[in-house]
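>>> Mind looking at a prediction? Sequence and model below.
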Amino acid sequence: MKFSKKIVSQTPLRRLWTDAGEVNACRQRYLNRAGLRALVAQQALTFVIATIGNKLQWIHEDSCYDFWNADVERHIPEEDEFSLEDFPGHYTYVASEWLDDTGKRLILLETYH
């Protein structure tokens, strides 16, 4: 399989990948807005956006805070139950924390619209 052509076909994801291949990472927990905000306050993070029909989009640490402020913070639900109409553009992200085999923290954002 050519990972450079792979798109998201369903969520929740079971694996992460880049154009070069599969990433050895495991989901640790789901996060609400407060939980994710606490992680962002501690360190710059790598975000991975999964939208059905698209390739995974990787937002690396150097763009973390700009991306958080411009998009993520206002699209993460506070609680497990939510209505898409409550979010700008009628979409939200379900966030989860993943750790790769080096211990690096990745934040997966699965898009729902």
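That came in fine, so what should we check first? Numbering: from 1, shown residues only.

>>> Only C-alpha atoms from now on, for both contacts and neighbour counts.
OK.

>>> Report the contact partners of the nearest residue to R27 once chain neighbours are set aside.
Take R27 and drop its neighbours on the chain: the residue closest to it by C-alpha to C-alpha, 6 or more residues apart in numbering is W98, 4.2 Å away. Residues near W98 by C-alpha atoms under 8 Å, 6 or more residues apart in numbering: 25-29, 105-108.

>>> Nearest to L36 among these?
I107 (8.6 Å; C-alpha to C-alpha).

>>> Which of the three states applies to the closest one?
strand (DSSP: H, G, I helix; E, B strand; the rest coil).

>>> pLDDT wise, what is it at?
With respect to pLDDT, I107 scores 98.

>>> Hmm, D100 and it touching each other?
No - the pair I107 / D100 is not scored as a contact, 10.8 Å apart, by C-alpha atoms under 8 Å.

>>> Now A34: closest residue in space, sequence neighbours ignored.
Using C-alpha to C-alpha, 6+ apart, the closest residue to A34 is E78 (6.9 Å).

>>> ok so, going back, buried subset of the contacts of W98?
25-27, 105-108 (16 or more other C-alpha atoms under 10 Å).

>>> Now that we have those residues, can you turn them into JSON lines and tack on distance to T46?
Supplementary listing: those in JSON lines, determined by distance: C-alpha to C-alpha, whole Å:
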{"residue": "A25", "distance to T46": "13"}
{"residue": "C26", "distance to T46": "14"}
{"residue": "R27", "distance to T46": "14"}
{"residue": "R105", "distance to T46": "7"}
{"residue": "L106", "distance to T46": "5"}
{"residue": "I107", "distance to T46": "6"}
{"residue": "L108", "distance to T46": "9"}
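
>>> which one among those residues gets closest to Q42?
Of all the buried ones among the contacts of W98, Q42 sits closest to R105, with 11.6 Å by C-alpha to C-alpha.
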